[in-house]
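Asks: how would this look folded up:
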Amino acid sequence: MALTSVSIALTGSGGAGVMTAGQILLDAAAKAGYHGLMGRTLGPQIRGGESAALLRLATRSVQSPDDGYDILVAFDWGNIERFRDELPINPGGLIVADPHAGPVPDIMLTSQPHVAAVPFFDLAKKVPGGRVNMVALGLVATLIGLDHEYLMERLAIQLHGKGEAALEASRAALDAGAAAAEGLEHVPRLHAATPPTTERWSITGNDAAGVGAIQGGVRFCAAYPITPATDILEWLAPNLPKVGGSLVQCEDELASINMIIGSSFGGVPSLTATSGPGLALMMESLGLAVASETPVVVVDVQRGGPSTGIPTKSEQVDLNIAVNGLHGDAPHIVTAPLSIADCLFTTQWSVHLAEAMQTCVIVLSDQMLGQSRTIIDKPAELAFVGRRKVAEATNAAEAVPYRRYALTADGVSPMALPGTEGGAYTADGLEHDEFGHPSTQTTHHTDQLEKRRRKIESFDYGDHWALVDGDGDADVAIITWGSTAEVAREAMARAREQGVSVRLIAVRLIDPLPVDQLSYALAGVSRVLVVEQNHEGQFLRHLRARMDLPGRVEALHRPGPLGLRPGEILNRILAR
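Replies: Below you'll find the model as predicted:
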């Protein structure tokens, strides 16, 4: 049977090469003209443990996992019970497993899939230099109808510098897997695709965030490695120097945030990347950035919490601390990318917002967005780059003192760079008057509080505040954010196929929440479904704290690591 979308899971213990095989398959499929998405699930171990590459290949653009998997290829069953719920097999799906790994566990057979035995390890041993993951790659490509020449093209890039023998061993292993696939039944195949004529990118959300940071003007990054944000640092480390920038690996998150505040004070747009535990450590210094009006960007790639939590799994759990975690009245900006590809746009936009308003911006990505890989058309160059209002040199003869924190109409005061003639000022965490002199006067405190709030609330965010899609006359609306946006979008499309009108509002500007625009987008709606990936319904609480939602309000939320699926959201839409 030929399908427009096929989902594949490759599982095995750490070191078995499932991630390498998955990425080669994704990139080869892209060269053949398919679209695709690859997520990954890993245990928390430093080395070894369970792992799975989770792919969806399709003849159309896909940014969301499907409800289940059509093919599961298992090198072994090590620790499968730890992530069985993340690997739902579609009824009638196909499990291909090495018989040396033992029988298929009963927990994998609840949907009554077809089962086939293929001796991956024995086949690999017959090939000098053969690897199990290459045998499996050849098998899967043959099952879905993907030409092996696309695989070899990717392997030639992957194995560049390792010699012809390595490439020939991979070819032989692919052929062995293809031969093993020939006799299998109940095989889902993909409809044929046409190779693309324009440039396409294979990119993760973390890589896209790095691209967006550089395009936004970031030239300095200081950060401490932390799962799942470290990939951003690994991408920026070799690429920042290409544009005259630099990256410093710090001793901890406290040093990281203070370094980028110092760099930005010196006039260099700056960014750090972290996850929930690191963001918690940065809160005091983020308050300093707000009080001193020093622009900084923090990309928080969220993971399961609290505390160390589940470092390798995705969860939208840092909204509360991102919005409300700073001490005192400290207005700042919180944004959230809505897809893997949108990590580029949202990060670049966030740099622009930080620089334009001289404040801190927290970007709430998550493990699913950050470490999943997708195929996209090469994005068009975005026009906006962060530009701060910079004070010019003053005329000493006029004896006009520099007012760093002047009470301007838009709330943004000219910021003198170090060395600007007549532009010296004090930048610290103490409240101050317009000149930067420390002050405890009520009027100065009130004036500065109102100025810092005014610049954020009066800024023109344009249409970037959200993705609004679907039927304008629908009486059902889904409101969501972050990585659940594309899942909800697919659910909306399925509902429309069944004749049910739905409106989707995926919010990119989390705080300050654009209440007027959101109210307008909800006009005529009598039922609201708020969808998110956390236990407490943090986004729903955030919405209710700032506005009245129309009609009947329902919540669909649960914690990770089990991600929401389009079918779940569709079922809630249809449950009148």
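
Asks: can you list the domain ranges for this structure.
Replies: Domain segmentation of the chain under automatic domain parsing yields 2-190, 202-377, 389-459, 464-574.

Asks: and the ones you listed, which is most packed in?
Replies: Compared across these, domain 202-377 shows the largest average neighbour count, a mean of 23 (mean count of other C-beta atoms under 10 Å). Where C-beta positions appear, they are placed from N, C-alpha and C, glycine not excepted.

Asks: and that one, what's its mean pLDDT?
Replies: Mean pLDDT, domain 202-377: 97.

Asks: turn the domains of the chain into JSON lines, columns for distance to Pro196.
Replies: Formatted as JSON lines, the domains of the chain follow (distance: least, C-beta to C-beta, whole Å):
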{"stretch": "domain 2-190", "distance to Pro196": "6"}
{"stretch": "domain 202-377", "distance to Pro196": "8"}
{"stretch": "domain 389-459", "distance to Pro196": "38"}
{"stretch": "domain 464-574", "distance to Pro196": "21"}
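
Asks: excluding sequence neighbours, find me the nearest residue to the residue nearest to the spatial centre of the chain.
Replies: In the chain, the residue lying closest to the centroid (C-alpha atoms, centre = their mean) is Leu369, at 2.5 Å. In this structure, Leu369 finds its nearest non-sequential neighbour in Gly205, 3.8 Å apart by C-beta to C-beta, 6 or more residues apart in numbering.

Asks: wait, what's in contact with that neighbour?
Replies: Counting by C-beta atoms under 8 Å, 6 or more residues apart in numbering, Gly205 touches Pro337, Ile340, Cys343, Ser365, Leu369, Gly370, Gln371, Ser372.

Asks: quick one: the first one and Phe345 touch, right?
Replies: Yes: using C-beta atoms under 8 Å, Pro337 and Phe345 qualify as a contacting pair, with a distance of 7.3 Å.

Asks: quick one: Cys250 from Gln358, how far?
Replies: Cys250 is 23 Å from Gln358, where distance means C-beta to C-beta, to the nearest Å.

Asks: same question, Ile257
Replies: According to C-beta to C-beta, Ile257 stands 16 Å off from Gln358.

Asks: which non-adjacent residue is nearest Ile71?
Replies: That would be Ile8: by C-beta to C-beta, 6+ apart, it lies 4.7 Å from Ile71.

Asks: mind listing what the one you found touches?
Replies: Applying C-beta under 8 Å, 6+ apart to Ile8 gives the contacts Leu25, Leu54, Leu55, Arg56, Leu57, Tyr69, Asp70, Ile71, Leu72, Val73, Val140, Ile144.

Asks: and the residues you listed, which is closest to Thr440?
Replies: Taking C-beta to C-beta as the measure, Thr440 lies nearest Leu54 of the contacts of Ile8, at 56.6 Å.

Asks: do I have it right that that closest one meets Leu26?
Replies: No: using C-beta under 8 Å as the test, Leu54 is too far from Leu26 to be in contact (10.7 Å).

Asks: quickly list what's touching both of those two.
Replies: Shared contacts of Leu54 and Leu26, counting by C-beta under 8 Å, 6+ apart, come down to Met38.

Asks: confirm Val299 sits in a strand?
Replies: Yes: the assignment for Val299 (DSSP: H, G, I helix; E, B strand; the rest coil) places it in a strand.

Asks: now it: how far from Val385?
Replies: Going from Val299 to Val385 by C-beta to C-beta gives 17 Å.

Asks: check Asp548 too.
Replies: 38 Å.

Asks: next: Ser413.
Replies: Counting by C-beta to C-beta, the gap from Ser413 to Val385 is 21 Å.

Asks: same question, Phe265
Replies: From Phe265 across to Val385, the span is 19 Å (C-beta to C-beta).

Asks: what of Lys313?
Replies: From Lys313 to Val385 the distance is 35 Å (C-beta to C-beta).

Asks: what do you get for Val268?
Replies: From Val268 over to Val385 the distance is 14 Å, taken as C-beta to C-beta.

Asks: overlap of the contact sets of the two?
Replies: Here Val268 and Val385 share no contacting residue, scored by C-beta under 8 Å, 6+ apart.

Asks: for Val502, what are its contacts?
Replies: The contact partners of Val502, taken as C-beta under 8 Å, 6+ apart, are Gly470, Asp471, Ala474, Val476, Ala477, Ile478, Ala491, Met492, Ala495, Arg496, Ile573.

Asks: can we see that at 6 Å?
Replies: Contacts here follow C-beta atoms under 6 Å, 6 or more residues apart in numbering; on that basis Val502 touches Gly470, Ala474, Val476, Met492, Ala495.

Asks: rewinding a little: give me the element the residue nearest to Ile71 is part of.
Replies: Remark: Ile8 resides in strand 5-13, with elements defined by DSSP states H and E.

Asks: I'd say Lys451 and Val412 touch.
Replies: No: judged on C-beta atoms under 6 Å, Lys451 makes no contact with Val412 at a distance of 8.7 Å.
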